[in-house]
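Peer 1: Pasting a predicted model and its sequence here:
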Amino acid sequence: ETGVTQSPTHLIKTRGQQVTLRCSSQSGHNTVSWYQQALGQGPQFIFQYYREEENGRGNFPPRFSGLQFPNYSSELNVNALELDDSALYLCASRAPGLAGVGDTQYFGPGTRLTVL
Amino acid sequence: GESVGLHLPTLSVQEGDNSIINCAYSNSASDYFIWYKQESGKGPQFIIDIRSNMDKRQGQRVTVLLNKTVKHLSLQIAATQPGDSAVYFCAERGHSGYSTLTFGKGTMLLVSP
């Protein structure tokens, strides 16, 4: 598989709560991106981390935050959960040149978050 | 705004047929494109990619064609199998310095035995 793992697989929260999702990438994959995928839609870019710093962000509010650690793991934190936050959250890691063409991103299986 | 879209939301084919999934993109500055396959309950799986300086790239049973003149991308799957049934996404990377991908909504491929 891709070598990217995510936990937990499924999660149920209530509106207003906070959640932390985790991702573990392969050694050497120093760039990690997080995406939100609503049902029936394509993934939407949340933000990207490179060498433990955020270096790109999509159209998501500040209550979406993240961390990247030296051991190639990362977290996505969402505060003050809203019903519309219910989605599949995907992390993707990148090792330049792995595919021989470009900056291929390899996705984990995702965490299904349900907000009630 | 910039977008990546697909012409057909659902494509139904018979096993053994060749499948063609199309994608239109609007960001002329995009320099890299990827096709992903997503099965139910799983994350997107890399299929094949192509840089903007290429017109065609082939993999095992798959070919990606890029027409920059009309901003069109296609994925051809030869001898389609039931295991190919999934949602297929094209994604583009804008020339922003990030590896951020913009995805289309996806095409469902249904392969009948």
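Peer 2: Received the coordinates, thanks.

Peer 1: residue boundaries of the helices in chain B?
Peer 2: Counting by DSSP state H, chain B has no helices to list.

Peer 1: Residue numbers of it in contact with chain A?
Peer 2: B:4, B:32, B:34, B:36, B:41-46, B:49-51, B:57, B:89, B:91, B:93, B:96, B:98-106 (C-beta under 8 Å from any C-beta of the partner chain). The way it works is simple: take the backbone N, C-alpha and C, and place the C-beta from them, glycine included.

Peer 1: Name only those of these that count as buried.
Peer 2: B:4, B:32, B:34, B:36, B:43-44, B:46, B:49-50, B:57, B:89, B:91, B:93, B:98-104, B:106 (16 or more other C-beta atoms under 10 Å in any protein chain shown).

Peer 1: Do stretch A:105-113 and chain B come into contact?
Peer 2: Yes: using C-beta under 8 Å from any C-beta, stretch A:105-113 comes into contact with chain B via A:105-110.

Peer 1: Could I have the CA atoms of that stretch written out in CSV?
Peer 2: Output of stretch A:105-113 as CSV, limited to C-alpha atoms (Å, rounded to 0.1, in the frame of the first residue of the first chain):
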residue,chain,number,x,y,z
GLN,A,105,1.1,12.5,-3.2
TYR,A,106,0.2,9.3,-1.6
PHE,A,107,-3.0,9.2,0.5
GLY,A,108,-3.9,7.4,3.7
PRO,A,109,-7.2,5.6,4.1
GLY,A,110,-8.8,8.5,5.8
THR,A,111,-10.8,9.2,9.1
ARG,A,112,-14.5,9.3,8.8
LEU,A,113,-15.7,12.1,11.1
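
Peer 1: Centre of the chain to stretch A:69-81, how far?
Peer 2: How far stretch A:69-81 lies from its chain's middle: 8 Å, per C-alpha atoms, centre = their mean, to the nearest Å.

Peer 1: cool, stretch A:74-93 as well?
Peer 2: That offset, for stretch A:74-93, works out to 7 Å (C-alpha atoms, centre = their mean).

Peer 1: Over to stretch B:74-89?
Peer 2: Distance of stretch B:74-89 from its chain centroid, counting by C-alpha atoms, centre = their mean, is 10 Å.

Peer 1: pLDDT averaged over that stretch, what's the number?
Peer 2: Mean pLDDT, stretch B:74-89: 96.

Peer 1: again with stretch B:62-69
Peer 2: Across stretch B:62-69, the average pLDDT comes to 96.

Peer 1: which of the residues in it are buried?
Peer 2: Neighbour-count burial for stretch B:62-69, counted by 16+ other C-beta under 10 Å, picks out B:62-66.

Peer 1: all strands of chain B, in order?
Peer 2: B:4-5, B:10-14, B:19-25, B:32-38, B:45-51, B:56-58, B:62-67, B:72-77, B:86-93, B:101-103, B:107-112 (DSSP state E).

Peer 1: Quickly list what B:Ile21 is bridged to.
Peer 2: Beta-bridge pairing for B:Ile21 (DSSP bridges): B:Leu75.

Peer 1: I'd like to know how many residues surround it.
Peer 2: By other C-beta atoms under 10 Å in any protein chain shown, 22 other residues sit near B:Ile21.

Peer 1: hang on, the earlier thing: CSV for the strands of chain B, including distance to A:Gln26?
Peer 2: Supplementary listing: the strands of chain B in CSV, determined by distance: least, C-beta to C-beta, whole Å:
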stretch, distance to A:Gln26
strand B:4-5, 27
strand B:10-14, 33
strand B:19-25, 28
strand B:32-38, 18
strand B:45-51, 13
strand B:56-58, 24
strand B:62-67, 24
strand B:72-77, 26
strand B:86-93, 20
strand B:101-103, 18
strand B:107-112, 29
